[in-house]
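>>> 3D, please:
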Amino acid sequence: MRVGAVAAAAICLFASAGWSQESPATPADREAAAIIARFERALQGRDVAGIAEVVADDIVVFENGHRNDGWTDFRDNHLIPEMKEAAAPMKSQLLKVVTTPAMAWGYSRSDIFHAPEGGQKPSHRLWSVYVLEKREGRWKITVLDWSMAKLKS
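Next up, the predicted model:
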């Protein structure tokens, strides 16, 4: 039970880390932010089952001009092939979440450290945009848009 409480606190801490103290954060904002945080943690941990828990079966994923249509397409043609490669260290920050009773959107910035020598400067920046829908009382990610760029040295 104690581990669950610590995990829940960590989710809330990560989810709210990018918001300033002046930013209004409603309970719905925090719920949607927690789903985004779970997704990002599962992605970094290469936990396909964890990702599946928070995305809709009909998710649409855009990445630098490519599209995956549905969970099966995203999982089989994007996630699993990419997960065969070594994971680069990453630092993410959720910057904004906006909710209505039925929908939410948010975005995060991730710095990726893919330098072979283990450099302190990020080599890439990933912007992630999320659209979530409330389905059967639970938030599900229905659209994900990734845009990544290599940073200048």
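
>>> Doesn't Phe39 lie inside a helix?
Yes. Assessed with DSSP: H, G, I helix; E, B strand; the rest coil, Phe39 lies in a helix.

>>> Against Met103, how distant is it?
16 Å (C-beta to C-beta, to the nearest Å). From N, CA and C alone the C-beta is placed, and that goes for glycine too.

>>> which of these two has more neighbours?
Neighbours per residue (other C-beta atoms under 10 Å) separate Phe39 from Met103, with Phe39 holding more: 22 against 14.

>>> who touches the closest residue to the more buried one other than its chain neighbours in this structure?
Distances taken as C-beta to C-beta, 6 or more residues apart in numbering put Val54 closest to Phe39, at 4.9 Å, once the chain neighbours are dropped. Neighbouring residues of Val54 by C-beta atoms under 8 Å, 6 or more residues apart in numbering: Ile35, Arg38, Phe39, Ala42, Trp139, Lys140, Ile141.

>>> switch the cut-off to 7 Å
Ile35, Arg38, Phe39, Lys140, Ile141 (C-beta atoms under 7 Å, 6 or more residues apart in numbering).

>>> from these, which is closest to Ala86?
Phe39 (20.8 Å; C-beta to C-beta).

>>> So for the chain, the centremost residue is which one?
Glu40 (3.5 Å; C-alpha atoms, centre = their mean).

>>> Tell me which helix or strand in this structure has the weakest average pLDDT.
Sorting the helices and strands of the chain by mean pLDDT, DSSP states H and E puts helix 2-16 at the bottom, at a mean of 37.

>>> quick one: the strands in this structure?
Ranges of strands in the chain, per DSSP state E, are 55-63, 66-69, 90-99, 103-112, 124-135, 138-150.

>>> Direction included, what does the second one pair against?
Neighbouring strands of strand 66-69 in its sheet, by DSSP bridges, are strand 55-63 (antiparallel).

>>> what does the partner strand rub up against?
With C-beta under 7 Å, 6+ apart, strand 55-63 has contacts from 67-71, 74, 78, 133, 135, 140-146.

>>> what comes up buried for it?
Val55, Ala56, Ile59, Val60, Val61, Glu63 (16 or more other C-beta atoms under 10 Å).

>>> again, but for stretch 25-44
Going by 16+ other C-beta under 10 Å, stretch 25-44 has these buried residues: 28-43.

>>> repeat for stretch 137-153
Residues of stretch 137-153 classed as buried by neighbour count (16+ other C-beta under 10 Å): Trp139, Lys140, Ile141, Thr142, Val143, Leu144, Asp145.
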